[in-house]
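**Student:** Have a look at this fold, sequence not included:
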């Protein structure tokens, strides 16, 4: 069953409120800003968005009525920010502070720290993961690894690998530059990645293969107490409707997987199911949502088959946000039907 207008109930396990009045739209400050990656802060009261072409991170703040302010309250950019084509971002609590990690296609991850007195963040990075020992280049995706956030994972689109870094012992902001683990089986030019809230599942958007791979975290007794996923995916979604998948996100309660398509005018939702006592995800979407007018999508996609559709995606509780160069940020409300799972 697929719904492309007002959400879907029944056996899909998830409903998305997608009528015009229920969707908030945040426009870029100007036409030069191309929104590529998006993330909610740990509280859900801040949305961060990466604009690749102008090397800028914009932060939007939630108002008391639950909606977000129309204009960003804070900006990270300029030479001191050391941003170079930022493509994705991720928030995490670390001790008594909150960190913002930004993946950059130039091959580095910059980490910024929240000001303890207000909602502002440092405009200069407090730590950087960069250099040849990191094995980073064309870094399109980044995510802290839940539930403890002691690791940071990043996509290497060039070498088709997911690379993991461990937090330095005793430090709230530093990470070891040498990777502790690399995932490569079933990874094909990864553009985005996401972990389930419990940290057991990892999804990777394979931009270069029109698929999504899902991995299970290995139990510590079998991994010598080291963080490992896989080594092979438990599910590879090969839905023909996947067209240059860009980003992925799990819903917090039922672990439905939401996938954006840079080359199609919609995002898709895939359902988890127990099969022979093992978790697997559906090959066809149980829900599909068109993001914007088809005329806008077609005008862009006719010039470049990898563009025009939604790109970054983020989920916090019952809020789902997607971003794109054409539509800015769109924020939806959704509901998970636990009775179906």
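**Tutor:** Alright, I've got the coordinates. Computed from a predicted model, the values in this text were never measured in an experiment. Residues are numbered from 1 along each chain as shown.

**Student:** Let me know the pLDDT of residue 314.
**Tutor:** On pLDDT, residue 314 comes in at 98.

**Student:** any idea how far the residue nearest to residue 145 when sequence neighbours are not counted is from residue 168?
**Tutor:** Nearest non-adjacent residue to residue 145, counting by C-beta to C-beta, 6 or more residues apart in numbering: residue 151, 4.0 Å away. C-beta: built from backbone N, CA, C; applies to glycine. With distances taken as C-beta to C-beta, to the nearest Å, residue 151 is found 12 Å from residue 168.

**Student:** Between those two, which has more neighbouring residues?
**Tutor:** residue 151 (19 against 14; other C-beta atoms under 10 Å).

**Student:** for the more buried one, what are its contacts?
**Tutor:** Residues in contact with residue 151 (C-beta atoms under 8 Å, 6 or more residues apart in numbering) are 144-145, 164-167, 180, 227.

**Student:** Identify the bridge partners of it.
**Tutor:** Per DSSP bridges, residues listed as beta-bridge partners of residue 151: residue 166.

**Student:** Kindly give the local confidence score, pLDDT, for it.
**Tutor:** 96.

**Student:** re the thing from before, and the two most separated of the contacts of residue 151?
**Tutor:** By the measure C-beta to C-beta, 144 and 180 form the most distant pair in the contacts of residue 151, at 14.3 Å.

**Student:** right, and residue 218 touches residue 229 too?
**Tutor:** Yes. Using C-beta atoms under 8 Å, residue 218 is in contact with residue 229, at 6.7 Å.

**Student:** the more surrounded of these two?
**Tutor:** Higher neighbour count among residue 218 and residue 229: residue 229, with 26 against 16, using other C-beta under 10 Å.

**Student:** Now that we have the contacts of residue 151, can you turn them into TSV and tack on neighbour count?
**Tutor:** Putting the contacts of residue 151 into TSV (neighbours: other C-beta atoms under 10 Å) gives the following:
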residue	neighbour count
144	22
145	22
164	21
165	23
166	17
167	21
180	14
227	18
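
**Student:** Can I get the residues you listed in CSV including distance to residue 15 and pLDDT?
**Tutor:** Formatted as CSV, the contacts of residue 151 follow (distance: C-beta to C-beta, whole Å; pLDDT from 0 to 100):
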residue, distance to residue 15, pLDDT
144, 28, 98
145, 29, 97
164, 34, 97
165, 37, 97
166, 39, 96
167, 37, 95
180, 39, 95
227, 34, 91
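
**Student:** beta partners for residue 212?
**Tutor:** Assessed by DSSP bridges, residue 212 has beta-bridge partners residue 205, residue 237.

**Student:** and the gap between it and residue 120?
**Tutor:** The gap separating residue 212 from residue 120 is 35 Å, by C-beta to C-beta.

**Student:** Looking at these two, which one has more neighbours?
**Tutor:** Neighbour totals were compared for residue 212 and residue 120, and residue 212 leads with 26 against 13 (other C-beta under 10 Å).

**Student:** Look up the pLDDT of the more buried one for me, please.
**Tutor:** At residue 212, the pLDDT value in this model is 98.

**Student:** From here on, call the first residue 320.
**Tutor:** New numbering, starting at 320: the last item is residue 531.

**Student:** Now for it: which residues touch it?
**Tutor:** For residue 531, the contact set (C-beta under 8 Å, 6+ apart) comprises 522-525, 555-556, 561, 564, 567, 576, 578, 589.

**Student:** Closest one to residue 362 out of those residues, please.
**Tutor:** Closest to residue 362 out of these is residue 567 (22.2 Å), distances taken as C-beta to C-beta.

**Student:** Quick check: the closest one is in a strand.
**Tutor:** Yes. Assessed with DSSP: H, G, I helix; E, B strand; the rest coil, residue 567 lies in a strand.

**Student:** That one and residue 578 touch, don't they?
**Tutor:** Yes. If you go by C-beta under 8 Å, residue 567 and residue 578 touch, sitting 5.3 Å apart.

**Student:** so who does residue 362 touch?
**Tutor:** By C-beta under 8 Å, 6+ apart, residue 362 has no neighbours at all.

**Student:** Figure out the helix or strand that it lives in.
**Tutor:** Using DSSP states H and E, residue 362 maps to neither a helix nor a strand.

**Student:** Tell me where the stretch 420-569 of the chain has strands.
**Tutor:** Under the criterion DSSP state E, counting those that start in this stretch, the stretch 420-569 of the chain contains strands at 427-432, 446-448, 461-463, 470-475, 480-485, 500-502, 509-514, 520-525, 530-535, 554-556, 564-569.
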